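Engineer: Here is my input; please provide its structure:
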Amino acid sequence: MSLRKKEITKLFYSIGEVAEMFEVNTSLIRFWEKEFDIIQPKKNKKGNRLFTPKDIKHFQIIFRLVKHQGYTLEGAKKALKEQKKTLINQNDLLIKLKSIKAELTQIQDKL
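Structural biologist: Residues are numbered from 1 along each chain as shown. Have a look, this model is predicted:
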């Protein structure tokens, strides 16, 4: 099973489209949706799942962890939590660095 390289351009994807992207059955997509709380598709009036590009990116991470790196579902959940903490810390650092850059730019302009 390999992940097809497909550009994410639509606002919403059906469960069939997502399953096709990852070359898996729709049942696996539904299962991962239930197992991983970071995947939260919208549902239309008929109850059909509509996955966002953000959901697709989460599926890519889960797919890589489980199918390519051999993580168990519990291991993948832990890895996602750690990754989320790292991303939050990186985001905080980026904000601080941008603030410092702005201050240094102001100082440079005054010189």
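Engineer: other SSEs contacting the strand or helix carrying Ile100?
Structural biologist: Using DSSP states H and E, Ile100 falls within helix 73-110. Helix 73-110 is packed against helix 53-63, with contacts defined by 3 or more C-beta pairs under 8 Å, 6 or more residues apart in numbering; DSSP states H and E. Bear in mind the C-beta positions are built from the backbone N, C-alpha and C, glycine included.
Engineer: I'd say Arg49 and Ser14 touch.
Structural biologist: Yes. With contact defined as C-beta atoms under 8 Å, Arg49 counts as touching Ser14 (7.2 Å).
Engineer: Neighbour count for these two, which is higher?
Structural biologist: Comparing Arg49 with Ser14 by other C-beta atoms under 10 Å, the one with more neighbours is Arg49, at 21 against 16.
Engineer: Phi first, then psi, for that one.
Structural biologist: phi -70, psi 140 (degrees, to the nearest 10).
Engineer: and it, what pLDDT?
Structural biologist: Arg49 is assigned 94 on the pLDDT scale.
Engineer: same deal with Phe31?
Structural biologist: Confidence score, pLDDT, at Phe31: 96.
Engineer: picking up where we left off before, now do the helix holding Ile100, average pLDDT.
Structural biologist: Helix 73-110 comes out at a mean pLDDT of 82.
Engineer: Now do the buried residues in that helix.
Structural biologist: Neighbour-count burial for helix 73-110 flags Ala76, Lys77, Ala79, Leu80 (criterion: 16 or more other C-beta atoms under 10 Å).
Engineer: now, among the residues you listed, which is nearest to Glu35?
Structural biologist: Of all the buried residues of helix 73-110, Lys77 has the smallest distance to Glu35: 7.6 Å, by C-beta to C-beta.
Engineer: excluding its backbone neighbours, what's nearest that closest one?
Structural biologist: Phe36 (6.8 Å; C-beta to C-beta, 6 or more residues apart in numbering).
Engineer: what's the burial count for the one you found?
Structural biologist: 19.
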